[in-house]
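In: Here's a sequence, model it:
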Amino acid sequence: MATALKPATGKIGIGSAISRVDGVEKVTGTARYAAEHPVADMLYGFIVDATIAKGRIVAIDEAAARAVPGVVEVISHLNRPHVAWTDHSYKDELKVPGSPFRPLYDDVIWFNQQPIVLVVAETFEAARYAASLIEVSYEAEAHNTDFKVALAEKYLPKKKRNTYVPPKARGDAAQAFADAPLKVAGDYKLAPEHHNPMEMFGSTVEWHGDGAITVHDKTQGSQGVQAYLASIFGFSKSKVRVLNPYVGGGFGSGLRPQHQVFLAVLAAKMLEQSVRVTMTRQQMFSHAYRPQAIQSTALGAETTGKLVSIRNEATTSTSRYEDNMENVVTWGLMNYDCPNADADYTVAQVDTATSADMRAPGAATGMTLFEMAIDEMAYEAKVDPLEFRRINYSAIDAMNAVPYTSKALREAYDEGAAAFGWAERSAEPRSMRDGSELIGWGCATGMWDAQFAKTAASAKLFANGALEVACATSDIGTGTYTVMTLVAADTLGLPPEQITARLGDSDLPSSPVEGGSWAAASSGAAVQLACQAVAKKLFKAAGKIAGEPLGDAGFDDVTFEDGCIVLKGEPTVRVPFGEAMRAADLDVIEEQETAAPGIGDMWRGLHKSKNTHSAIFAEVRVDEELGVVRVTRVVNAVAAGRIINPKTARSQILGGVVMGIGMALHEETFSDHRLGRWMNHNYAEYHIPAHADVEDIEVIFVDEPDPEVTPLGVKGLGEIGIVGTAAAVANAIYHATGKRVRSLPITIDKLLAADG
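Out: Numbering: from 1, shown residues only. Below is the predicted model:
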């Protein structure tokens, strides 16, 4: 992997490379996940899935299942208790246009693997066995899960998703393309990919005697699930507490409430007893997948390599009942200087569950495929691919004609290329080899949003020097516990060992669902504000100490270090926190603050684009006879503002790069279109990168101060690591083999069949 990080020394705070504060709990197994909480007298539910892709349920024969010892109830649309019936009641925090899926609502089948029955028993084994005895009769209708067929009816939804950004055209791209001396045009494709977090979706619902429930749920947003359940089942929010302190990976699959939590609460309310429902690994494929995509890109350029025309059209898959939309076609229009550009985006319906956000939704698809086209044009122009990107560099957001709060992409190009050794690259395809292996070097650009969301946090300081910071945000493996701890340590000058971070609880200060790479920036800013409020109260309390050791100093004249209020310029003058609190007769100081867009220097960036950028360099080795591809080196230089913790930040980029390698070479979900069913719905057949597929990865963080993007100058890192990585690998494969494959993943069969 990359070079080792230096451990934190001196004052621990923002910028310190420390290990995860929750790491010990995770590696020792004391961190409990949603389906691991012990509850007395708990029942177990097992889901029965539909085996057709479209139609209606005619009959459910449950007699054999009910005869199994230990079975308590068999729940379907025929006997479920009352639930909300309007679409509005099922709309979640990250809703998309259309009619949301309502489990066990009626006899309609929308997709294969749709949950249609829940068997509840005293043991998991009894529930699972009884579920296998359920027999369902259907009235099947003609279905289509073939994206190529669905393209004939593609469309742009009239009602747009609120996160969708329509592309803005400039100039006359069609005429400029027609007149361009150099042209490249092609269809670039991405197969459907499924989220495969290690923790499967599960929910443990504790039923309390007063009708209240506590829900341990696999989710990326406890308060979003709380609102969803209260809306559907008629609970007041005060009667629903949702906990997700530990989440075993999300990647976007847990942004929206999944059906197991609905089923668990439905059963608990119906039976007035605690219930746990978990999905199997196969059932994890019944929802939440990156949509299949085709992107038609046409580029025109002068013989110098200067772009004169960009045309970008894309279509992604969605379900019959909702219109999932992503920002696919905008990234190239934003990133590259080109006087003429236009784009078009549509969706195509297939008979599956609604496609969903998956790490860097839209950008991981659109920017990656666009960067493959950019590479083609660089070769067409006979210009080094990195130099081609420099020639067409735009210092501003070219699509919206506004500046960025910061864009250190040039520096990322330079630092990444130097670390990779790009200058030693042989220009011609198939010109680098080692024995029977062809060697290829490719590069690509990554781009993602630097988002910030309204978030609240509390800080509670005790007289013994212990500090607790709390926020309802989630840690989906991104290191949010550690971020909150470091920000608090930096603000109040306390060592991390004295700080406890609490999160993943709907009772804590409000936070949006964790996604979009906004958690660190948003929760971090809220924690900083709360700790600053505590600091001000501490300073005021110090004024009550006999003799007034701080004299007439104002708040701006002091700093906070080692559990003391310290006079700037006179470090020997210091007041311990405990002493100040005792003087004011305070056992605890507690404050809650909310961070919202526009605070601090953010107002300067309100009308600017806010993005992270990266330069990715990849080396591949390709067996000339067998077509086996190995990714042997990746350098990812990232411009993402201020880095709170270089150690966990590096881990985020490593994870994104590995997922990018999966996108390039491995990940693809296959559907049997006759059945309308995903076929490789397991870890054995859905290929993801294994240890043997991951070799040297170096991560570089480019210095990029940016006080306008977020209060801490922080840009999220969870997603930028994947964007463009697959393109860098694909481009390296072309350089190695001289064969251009425009369809991801690039599997051996595609490579052997490609023209070179």
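
In: quick one: the strands in the stretch 101-250 of the chain?
Out: 108-109, 115-121, 135-140, 182-190, 193-194, 202-207, 213-217, 240-243 (DSSP state E, counting those that start in this stretch).

In: again with the stretch 451-600 of the chain
Out: 455-462, 467-470, 499-502, 558-561, 564-567, 570-576, 588-595.

In: export those to JSON lines and tack on mean neighbour count?
Out: The way it works is simple: take the backbone N, C-alpha and C, and place the C-beta from them, glycine included. Formatted as JSON lines, those follow (neighbours: other CB atoms under 10 Å):
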{"stretch": "strand 455-462", "mean neighbour count": "25"}
{"stretch": "strand 467-470", "mean neighbour count": "24"}
{"stretch": "strand 499-502", "mean neighbour count": "22"}
{"stretch": "strand 558-561", "mean neighbour count": "18"}
{"stretch": "strand 564-567", "mean neighbour count": "21"}
{"stretch": "strand 570-576", "mean neighbour count": "14"}
{"stretch": "strand 588-595", "mean neighbour count": "19"}
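
In: And the ones you listed: which comes nearest residue 27?
Out: Distance to residue 27, taken as CB to CB, is lowest for strand 499-502 among the strands of the stretch 451-600 of the chain, at 17.8 Å.

In: which neighbours does the closest one have in its sheet, and in what orientation?
Out: When sheet partners are counted by DSSP bridges, strand 499-502 sits next to strand 467-470 (parallel).

In: Determine how far the strand it pairs with lies from the middle of the whole chain.
Out: Centre-to-centre, strand 467-470 and its host chain are 25 Å apart (CA atoms, centre = their mean, to the nearest Å).

In: Over to stretch 167-180?
Out: Using CA atoms, centre = their mean, the offset of stretch 167-180 from its chain centre is 34 Å.

In: quick one on the thing from earlier: with distance to residue 197 added, can I get the strands of the stretch 451-600 of the chain in TSV?
Out: Below are the strands of the stretch 451-600 of the chain laid out as TSV (distance: least, CB to CB, whole Å):
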stretch	distance to residue 197
strand 455-462	23
strand 467-470	25
strand 499-502	22
strand 558-561	38
strand 564-567	43
strand 570-576	44
strand 588-595	28
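
In: could the ones you listed be laid out in CSV, adding distance to residue 520 and mean pLDDT?
Out: Converted to CSV, the strands of the stretch 451-600 of the chain look like this (distance: least, CB to CB, whole Å; pLDDT from 0 to 100):
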stretch, distance to residue 520, mean pLDDT
strand 455-462, 11, 98
strand 467-470, 14, 98
strand 499-502, 12, 98
strand 558-561, 22, 96
strand 564-567, 28, 96
strand 570-576, 31, 94
strand 588-595, 12, 98
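
In: Residue 65 is nearest to which of the ones you listed?
Out: With distances scored as CB to CB, the stretch of the strands of the stretch 451-600 of the chain nearest to residue 65 is strand 499-502 (41.9 Å).

In: contacting residues around that closest one?
Out: Strand 499-502 is contacted from outside by 21, 245, 466-471, 480-482, 484-485, 488-489, 508, using CB atoms under 8 Å, 6 or more residues apart in numbering.

In: just those now: which is nearest residue 264?
Out: When the contacts of strand 499-502 are compared against residue 264 (criterion: CB to CB), the nearest one is residue 245, at 18.0 Å.

In: Neighbours of the closest residue to that closest one other than its chain neighbours, how many?
Out: Residue nearest to residue 245 in three dimensions, not counting chain neighbours: residue 504, with 3.8 Å by CB to CB, 6 or more residues apart in numbering. Using other CB atoms under 10 Å, residue 504 has 27 other residues around it.

In: still on that earlier bit, I'd like the strands of the stretch 101-250 of the chain laid out as JSON lines, including mean pLDDT.
Out: Formatted as JSON lines, the strands of the stretch 101-250 of the chain follow (pLDDT from 0 to 100):
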{"stretch": "strand 108-109", "mean pLDDT": "98"}
{"stretch": "strand 115-121", "mean pLDDT": "99"}
{"stretch": "strand 135-140", "mean pLDDT": "98"}
{"stretch": "strand 182-190", "mean pLDDT": "98"}
{"stretch": "strand 193-194", "mean pLDDT": "98"}
{"stretch": "strand 202-207", "mean pLDDT": "98"}
{"stretch": "strand 213-217", "mean pLDDT": "98"}
{"stretch": "strand 240-243", "mean pLDDT": "98"}
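
In: now the contacts of strand 499-502: which count as buried?
Out: Neighbour-count burial (16 or more other CB atoms under 10 Å) applied to the contacts of strand 499-502 gives 21, 245, 467-471, 480-482, 484-485, 488-489, 508.

In: Closest to residue 396 out of these?
Out: residue 480 (32.3 Å).

In: and the gap between the residue in the chain sticking out farthest from the centre and residue 535?
Out: Farthest-out residue of the chain from its mean C-alpha position, per CA atoms, centre = their mean: residue 547, at 53.8 Å. Applying CB to CB, to the nearest Å, the value for residue 547 to residue 535 is 21 Å.

In: what does residue 304 give?
Out: Taken as CB to CB, the span from residue 304 to residue 535 is 57 Å.

In: which residues sit in contact with the nearest residue to residue 748 once chain neighbours are set aside?
Out: Once flanking residues are discounted, residue 748 sits nearest to residue 627: 4.4 Å by CB to CB, 6+ apart. Counting by CB under 8 Å, 6+ apart, residue 627 touches 748, 751-752.
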